[in-house]
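Visitor: Sharing a model that was predicted from the sequence below.
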Amino acid sequence: MSTPAILVDKVTVHYGEVLALENASLSLEPARICGLVGMNGSGKSTLFKAIMGMVKPDSGQVLINGQPPVKTRKEAGIGYVPQSEDVDWAFPLSVRDVVMMGRYGHLGFTRRPRKADRDAVHHALERVELGEYADRQIGQLSGGQKKRAFVARGIAQGATMMLLDEPFAGVDKRSEATITRLLRELAADGATILVSTHDLHALPQLCDEAVLLMRKVLMHGSPDVVLQPENLAMAFGLDVMNRG
């Protein structure tokens, strides 16, 4: 058997007295796109932080390609697209600056970009169709363009794993289609992608598999199975059964 790209093994995380994850287990193979589905407070963000090595589990372990997450992060192997509310959009950075952040792990101790770094950033911006906006302040972009800029950061980084937290929130249809296409291309190139989303309608087109989370993994399977109303009811409540 191949080594899983992501292995979450019986992970429990508390924030003080608050239980965020309880005995959560997940195994994801390389070059797959997995949707992470759950209501607010279900532990999706905590699971992301555990996978990135930003939260140390109370018990259990997380391995990325068979090694600790912190090691993978230091090797610039994990790209991250945050929720919009987690970013200071007023900070005086251009779109090019944001994408160049993905190259920091490749820079020497002088932290000065070389031609290879500038070329990687240019290529990434063109790939997400933001080349003409490279010198614009990041906060001046539309919601969809901002998400695409962070996808470009992961592409410039050369990340073999991408974690996206609500990438379709506040995004126009063009950007949603562009992001979906880009993620499918990255997975075809070998990247492993985990997407947290409330947009259940987009899951079957985007994802190879889906995970239903409510502090623990309730179900992991194909989107068609996971999205059955009786399964969603376990995580969201019975009102899901009555949605059109």
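Guide: Nice, thanks for sending it over.
Visitor: which SSE is residue 99 in?
Guide: helix 95-100 (DSSP states H and E).
Visitor: Check residue 63 too.
Guide: Going by DSSP H and E, residue 63 is part of strand 59-64.
Visitor: Please state the offset of that strand from the chain centre?
Guide: Mean-position distance between strand 59-64 and its chain equals 18 Å (Cα atoms, centre = their mean, to the nearest Å).
Visitor: and if you look at stretch 120-134?
Guide: 20 Å.
Visitor: With stretch 86-103 instead?
Guide: That offset, for stretch 86-103, works out to 17 Å (Cα atoms, centre = their mean).
Visitor: Give me the contact list for it.
Guide: 76, 79, 113, 117, 120-121, 124-125, 130, 133-139, 141, 146, 149-150, 152-159, 165 (Cβ atoms under 8 Å, 6 or more residues apart in numbering). Heads up, the C-betas are built off the backbone N, CA and C, glycines and all.
Visitor: Pull out the buried positions in stretch 206-222.
Guide: 206-220 (16 or more other Cβ atoms under 10 Å).
Visitor: so of these, which ones are in strands?
Guide: 209, 210, 211, 212, 213, 214, 216, 217, 218, 219, 220 (DSSP state E).
Visitor: okay, the residues you listed in JSON lines with distance to residue 24 next?
Guide: Output for those, formatted as JSON lines (distance: Cβ to Cβ, whole Å):
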{"residue": "209", "distance to residue 24": "16"}
{"residue": "210", "distance to residue 24": "15"}
{"residue": "211", "distance to residue 24": "10"}
{"residue": "212", "distance to residue 24": "12"}
{"residue": "213", "distance to residue 24": "7"}
{"residue": "214", "distance to residue 24": "10"}
{"residue": "216", "distance to residue 24": "5"}
{"residue": "217", "distance to residue 24": "5"}
{"residue": "218", "distance to residue 24": "10"}
{"residue": "219", "distance to residue 24": "12"}
{"residue": "220", "distance to residue 24": "11"}
